[in-house]
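>>> A structural model of the following input is requested.
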Amino acid sequence: MRTHLEFTSSDFPAYPGEEQEINPGRFGKRLAEFLAQKLPEHGFSVSSIGTEDWGVMVELENDAFPLWIGCGNYEAFENGFLCFIEPSVPIVRKWFKKIETGSTVEKLATAIDAILIASGKVSSPRWWPENEVKP
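Got it, this is the predicted structure:
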């Protein structure tokens, strides 16, 4: 499953003081806001945007299971960013039921891809699954 998208961009710089909301050196709010603005055009309703210690979370409305996108700078590259989708596994459990997530996650990955690639704001995009070992 495509769950992690790394890319470079100079179009999503940190807001002044953003790292005080997150952690030193961490940012991603402009990227999260950009995605949140465009996702409804692809059938996803955003319920909230919030900061975490690692970056910014875009929570989506989804009755079957919690669905969200993490956005943050990615120090592996100059002007690097990483977006990741949760859940990042094909099946989640809710009470005693197994819920298939793959088709929804893939639809969201396709929407993120279309939004970012069509924007012309990103370079060197690369999708990878959560379980891929990074160098």
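
>>> lowest-confidence helix or strand of the protein?
None of the helices or strands of the chain scores lower by mean pLDDT, DSSP states H and E than strand 91-94, at a mean of 86.

>>> next SSE after that one?
Downstream of strand 91-94, the first helix or strand assigned by DSSP states H and E is strand 97-100.

>>> quick one: average confidence on the next helix-or-strand element following that following strand?
Following strand 97-100 in sequence order, the next helix or strand is helix 102-119 (DSSP H and E). In this model, helix 102-119 has an average pLDDT of 96.

>>> so how far is helix 102-119 from its chain's centroid?
Taking the mean of its C-alpha atoms, helix 102-119 sits 10 Å from the chain's own mean (Cα atoms, centre = their mean, to the nearest Å).

>>> equivalent analysis for stretch 52-67, please.
The mean C-alpha position of stretch 52-67 is separated from the chain mean by 9 Å, Cα atoms, centre = their mean.

>>> make 380 the first number, not 1, from now on.
OK, 380 is where the count begins now, so the last one is stretch 431-446.
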